[in-house]
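[1] Predicted model follows, preceded by the sequence.
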Amino acid sequence: MYKYLVLALALCFTPLLAEEEKDKPAGPFARHTIDLGVVVSDLEKSLAFYKGVVGMTELDGFKVGGDFPKKVGLTDGAGLDIHVLVLGEGEDATKLKVMQVKSQKPAKTLKQRHIHTQTGFSYLTIFVTNVDAVLERAKKAGVKPYAQSPQRLPEGLPQDVCLLMLKDPDGNFVEIVGPLTKKLKNSK
């Protein structure tokens, strides 16, 4: 009797396990998205920008303390209090990990005039369904579009799409890409 019970349970759970395996990405990566961490000089201003202007949602964050941050090279011994912001929902939603590190050697803020001002990661690209909504939130927050953006994409690229360039409170470029704004639709 016991054998039949075990066999019945195994048969019941096999489809569930197969379904779980089917959802995993093929190849060497466990997820299709990456998480990006950003160290900021003013946590509250940065959270207000990414949540209030860009429209990201905050999830439960986490703390990393003790010797771990120093042992793996994250910090000089300072603990981390990480705020997790997401685009979308679900396990594969893109995550931005925002943190302000209290350290003996404070982080330097570089003046970035263009994306090629320094090497390394230079900007975030966030695809939205309504650029006008982002512009409205930016205006309410006192954030102005950078340079002469938003602009329709150049010839050879989709002409119903525009790029809005913003800067976060630390001067990091945030590229907003989405449908043409009402103003751009009427300007052609």
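    Yep, that arrived.

[2] so where is the chain shaky, pLDDT-wise?
    By pLDDT under 70, the low-scoring segments of the chain are 1-25, 104, 188.

[3] and Thr129, how far is that from Arg152?
    17 Å (C-beta to C-beta, to the nearest Å). For the C-beta atoms, the positions are set from N, CA and C on the backbone; glycine is no exception.

[4] how many other residues sit next to Phe121?
    Other residues near Phe121 number 11, with proximity taken as other C-beta atoms under 10 Å.

[5] dump the residue contacts of it.
    Under the criterion of C-beta atoms under 8 Å, 6 or more residues apart in numbering, the contact list for Phe121 reads Leu36.

[6] Does it fall in a helix, a strand, or a coil region?
    Using DSSP: H, G, I helix; E, B strand; the rest coil as the criterion, the local structure at Phe121 reads coil.

[7] Settle it for me: which of Thr129 and Arg152 has more neighbours?
    Of the pair Thr129 and Arg152, Arg152 is the one with more neighbours under other C-beta under 10 Å, namely 18 against 8.

[8] mind listing the strands in this structure by residue range?
    Using DSSP state E, the strands of the chain run over 35-39, 57-64, 80-87, 94-99, 123-127, 151-152, 161-167, 173-179.

[9] Using TSV, please lay out those strands together with distance to Thr109.
    Below are the strands of the chain laid out as TSV (distance: least, C-beta to C-beta, whole Å):
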stretch	distance to Thr109
strand 35-39	10
strand 57-64	22
strand 80-87	19
strand 94-99	15
strand 123-127	16
strand 151-152	27
strand 161-167	12
strand 173-179	14
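
[10] What are the structural domain limits within the protein?
    32-105, 109-188 (automatic domain parsing).

[11] Which among those is found nearest to Ala26?
    The closest approach between Ala26 and any of the domains of the chain, judged by C-beta to C-beta, belongs to domain 32-105 at 10.1 Å.

[12] ok, back up a step: format the domains of the chain as JSON lines; extra columns: distance to Ala26.
    Listed next are the domains of the chain as JSON lines, based on distance: least, C-beta to C-beta, whole Å:
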{"stretch": "domain 32-105", "distance to Ala26": "10"}
{"stretch": "domain 109-188", "distance to Ala26": "24"}
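
[13] Would you mark the buried spots in stretch 55-72?
    Gly55, Met56, Pro69 (16 or more other C-beta atoms under 10 Å).

[14] out of these, who's nearest Ile115?
    So of those, ranked by how close each gets to Ile115 (C-beta to C-beta), first place is Met56, at 20.9 Å.

[15] tell me the contacts of that closest one?
    Tyr50, Leu85, Val86, Leu87, Leu96.

[16] Most neighbours out of these, which is it?
    Most surrounded of the contacts of Met56: other C-beta under 10 Å gives Tyr50, at 25 neighbours.

[17] Sounds good, over and out.
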